[in-house]
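1. return a 3D structure for these sequence lines:
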Amino acid sequence: MAPSHAVRCCQRGLSWIPVIFINLVVCWSYYAYVVELCIYTIPNVNEQVIYLVVFHAFFFMFMWSYWKTISSKPTNPSKEFCLPKAEKELYEKEERPEAQQDILKRVARELPIYTFTGSGAIRYCDRCQLIKPDRCHHCSTCDKCVLKMDHHCPWVNNCVGFSNYKFFVLFLAYSMLYCVYIAATVLQYFIKFWTLCRRRAIEHCPEVNHSRFLCTLAIGLLLHC
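-> As a prediction, this is how the structure comes out:
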């Protein structure tokens, strides 16, 4: 019992690595854009203010939608989809699949279910011991049935489903805007610094490194979205 509990704890801890990685990358992009580009590089104050205001608007909405996707607990089916005690005992005692389906069909008559298996059988989760509503699937990572489950996303360490589907779509939209904005505003300075450094034959130019990182990050995240 103890080893299995320890393994589950390790798995839960390791599942946060992608989330930590994304947050570290975003924090570095924040520093590179705000400090290295806007404060140290752009000489015009008005341009600095405009860049920073728009950047922080996208950054706030991007991080808000991201953490709402992470923190929204997956919604499970309501208790009405669980088998009543009497039917549950009959279902567990019955060994014939046809007889088990008859029990499930009797219970499902009062439920709003329109989706069945390919053979026309009632969708039932033996692990959660409930009749699956439409678009409900059992997540092996979360070990529970999730309403309107789309997929389990390792980058948010959560199931994308009924409770956070809206936040997930917003996260994708704001991350795209965030990346497009960074790439568009950094590109001209990246070209200027690159040309200047090549002209002076400077092998390691910090400004180029930060600008190159921002461009690469923005384009990479944009392609991922």
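2. which residue is nearest the centroid of this protein?
-> The structure's the chain has its C-alpha centroid closest to Val156; by C-alpha atoms, centre = their mean the separation is 3.6 Å.
3. spit out the contact partners of it.
-> Neighbour list for Val156: 19, 66, 69-70, 168, 171 [criterion: C-beta atoms under 8 Å, 6 or more residues apart in numbering]. Just so you know, the C-beta spots here come from the backbone N, C-alpha and C atoms, and that holds for glycine as well.
4. buried sites along stretch 145-159?
-> 145-149, 152-153, 156-159 (16 or more other C-beta atoms under 10 Å).
5. helices of the chain, residue ranges please.
-> With DSSP state H applied, the chain shows helices at 2-14, 17-31, 45-71, 85-93, 97-108, 165-199, 206-224, listed in chain order.
6. to Gln129, which of the ones you listed lies closest?
-> For the helices of the chain, the distance to Gln129 is smallest for helix 85-93, at 6.8 Å, taking C-beta to C-beta.
7. now the angle from that closest one to helix 97-108?
-> Computed by axes from the mean of the first three to the mean of the last three C-alpha atoms, to 10 degrees, the angle separating helix 85-93 from helix 97-108 equals 160 degrees.
8. in helix 85-93, what's buried?
-> 90-91.
9. now that helix: mean pLDDT?
-> The predicted model assigns helix 85-93 a mean pLDDT of 90.
10. I'd like to know which elements that helix is packed against.
-> Using 3 or more C-beta pairs under 8 Å, 6 or more residues apart in numbering; DSSP states H and E as the contact criterion, the elements in contact with helix 85-93 are helix 97-108.
11. for the helix it packs on, name the packing helices and strands.
-> Contact here means 3+ C-beta pairs under 8 Å, 6+ apart; on that basis helix 97-108 packs against helix 85-93, strand 130-131.
12. farthest-separated two in the contacts of Val156?
-> Maximum distance among the contacts of Val156 (C-beta to C-beta): 13.9 Å, for Val19 and Phe168.
13. circling back to that earlier point, how about the helices of the chain in JSON lines, adding distance to Pro77?
-> Shown next, in JSON lines, are the helices of the chain (distance: least, C-beta to C-beta, whole Å):
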{"stretch": "helix 2-14", "distance to Pro77": "23"}
{"stretch": "helix 17-31", "distance to Pro77": "27"}
{"stretch": "helix 45-71", "distance to Pro77": "21"}
{"stretch": "helix 85-93", "distance to Pro77": "15"}
{"stretch": "helix 97-108", "distance to Pro77": "13"}
{"stretch": "helix 165-199", "distance to Pro77": "16"}
{"stretch": "helix 206-224", "distance to Pro77": "32"}
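14. between Val19 and Phe168, which is the more surrounded one?
-> When Val19 and Phe168 are compared for neighbours, Phe168 comes out ahead with 23 against 17, by other C-beta atoms under 10 Å.
15. tell me how far the closest residue in space to Asn164 that isn't next to it in sequence lies from Ser78.
-> The spatial neighbour of Asn164 that comes closest, neighbours along the chain excluded (C-beta to C-beta, 6 or more residues apart in numbering), is Ser72 at 3.6 Å. Going from Ser72 to Ser78 by C-beta to C-beta, to the nearest Å gives 17 Å.
16. show me which of those two is the more surrounded one.
-> Set side by side, Ser72 and Ser78 give different neighbour counts by other C-beta under 10 Å, the larger being at Ser72 (20 against 11).
17. the more buried one contacts Phe167, correct?
-> Yes - taking C-beta atoms under 8 Å as the contact criterion, Ser72 and Phe167 are neighbours in contact, 6.3 Å apart.
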